[in-house]
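Peer 1: Structure here, sequence nowhere to be found:
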DNA sequence: TATGACGTTTACGTTAACGTAAAGTTATAA
DNA sequence: TTATAACTTTACGTTAACGTAAACGTCATA
């Protein structure tokens, strides 16, 4: 039998509030099962939530995150749909690549700066001896 | 003589509005010279703006971007300050690393998914022959 | 049976990050 | 000298992404 999660469990795991998770559902990004009125989350819901939050961390809006998620469960029925899907994937991939490059150049310049700082610190430490 | 920029020039170059640039100044992240009441931006101001916008693209808030920028022009006078600065740089570096890893794992799973889509498309194209 | 613990809906509140409009200033071109 | 283009300040408006509070349901356990 497949594992399930309560809203509080997911909230704890991902360090968000239940309100946040319900908000994503209201925005059409999650559709957990119900047991009575309670929400029951599947492992798949959990993956979706993780996708949303990773998107947010990378600076995507919820609307953009939603687009990406929708790509992941788009219908791959016929060839036409598949071609469109592949196109859209390539476009999102470009956006991601850009972010990775941004992160890499930021890291590079920061590392360079930190190296100069350490150098300067070394000089200071060897001067006062 | 060093180059300068008007607010509209920078706005055009970075694809933001003048309002946005003025807002960053009001938040204490920019301090352009004035010629009369007009703002005159230096190459250094331009770099700062680029830093802000890169931070935003990576999902940092303006407050976080400001912290990073302040590290870049922190006083490196004495050894104590330098040590604190180096510590803070390491912490920001970690945040950046995390974003890069997020971007990389997102790229990896997306590439994998796209590959499966292309495979499926290939099958469809060879079946109807 | 009552008392938490956990969940629910509804609805109004909040904040960051600007957008937008109004009214005035300043340099340049016709 | 007037017009227009680019700038300025002031101030109120807007939107995304939740926070927060109220009032209620339900299930286990003391």
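Peer 2: Structure's in. What do you need? Keep in mind the model is a prediction, meaning the values are calculated, not measured.
Peer 1: who in chain A is up against DNA strand D?
Peer 2: A:16, A:17, A:19, A:20, A:23, A:27, A:36, A:37, A:56, A:61, A:62, A:63 (C-beta under 7 Å from any atom of the strand). Bear in mind the C-beta positions are built from the backbone N, C-alpha and C, glycine included.
Peer 1: Strands of chain A, start to end?
Peer 2: Under the criterion DSSP state E, chain A contains strands at A:33-35, A:38-40.
Peer 1: got JSON lines for those, with mean neighbour count, mean pLDDT and distance to residue A:106 too?
Peer 2: Shown next, in JSON lines, are those (neighbours: other C-beta atoms under 10 Å in any protein chain shown; pLDDT from 0 to 100; distance: least, C-beta to C-beta, whole Å):
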{"stretch": "strand A:33-35", "mean neighbour count": "10", "mean pLDDT": "97", "distance to residue A:106": "41"}
{"stretch": "strand A:38-40", "mean neighbour count": "15", "mean pLDDT": "98", "distance to residue A:106": "38"}
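Peer 1: Residue A:78: which of those is closest?
Peer 2: Nearest to residue A:78, of all the strands of chain A, is strand A:33-35, at 29.5 Å by C-beta to C-beta.
Peer 1: and the gap between the residue nearest to residue A:17 when sequence neighbours are not counted and residue B:121?
Peer 2: Residue nearest to residue A:17 in three dimensions, not counting chain neighbours: residue A:11, with 5.8 Å by C-beta to C-beta, 6 or more residues apart in numbering or on different chains. Computed as C-beta to C-beta, to the nearest Å, the residue A:11 to residue B:121 distance reads 39 Å.
Peer 1: And for residue A:70?
Peer 2: Distance, residue A:70 to residue B:121, using C-beta to C-beta: 19 Å.
Peer 1: what's the neighbour count on the closest residue to residue A:85 other than its chain neighbours?
Peer 2: Setting aside the residues directly before and after it, residue A:85 is nearest to residue A:74 in space (C-beta to C-beta, 6+ apart), at 5.2 Å. Counted with other C-beta atoms under 10 Å in any protein chain shown, residues neighbouring residue A:74 total 15.
Peer 1: Residue A:74 against residue A:86, yeah?
Peer 2: No: counting by C-beta atoms under 8 Å, residue A:74 does not reach residue A:86; the two are 10.4 Å apart.
Peer 1: what sits against the residue nearest to the spatial centre of chain A?
Peer 2: Taking C-alpha atoms, centre = their mean, the centroid of chain A lies closest to residue A:54, which sits 1.2 Å from it. By C-beta atoms under 8 Å, 6 or more residues apart in numbering or on different chains, the residues touching residue A:54 are B:102, B:105, B:106.
Peer 1: residues in contact with the first one?
Peer 2: The one in question is residue B:102. By C-beta under 8 Å, 6+ apart, the contact list for residue B:102 reads A:54, A:57, A:58.
Peer 1: Same check on residue A:125?
Peer 2: residue B:79.
Peer 1: Quick check: the gap between it and DNA strand D.
Peer 2: Counting by C-beta to the nearest atom of the strand, to the nearest Å, the gap from residue A:125 to DNA strand D is 45 Å.
Peer 1: For chain A, give me the ranges with low pLDDT.
Peer 2: Scanning chain A with the threshold set as pLDDT under 70 gives A:1, A:128-129.
Peer 1: Which residues of it lie near DNA strand C?
Peer 2: Close to DNA strand C, as judged by C-beta under 7 Å from any atom of the strand, chain A has residues A:6, A:7, A:8, A:9, A:18, A:22, A:37, A:38, A:39.
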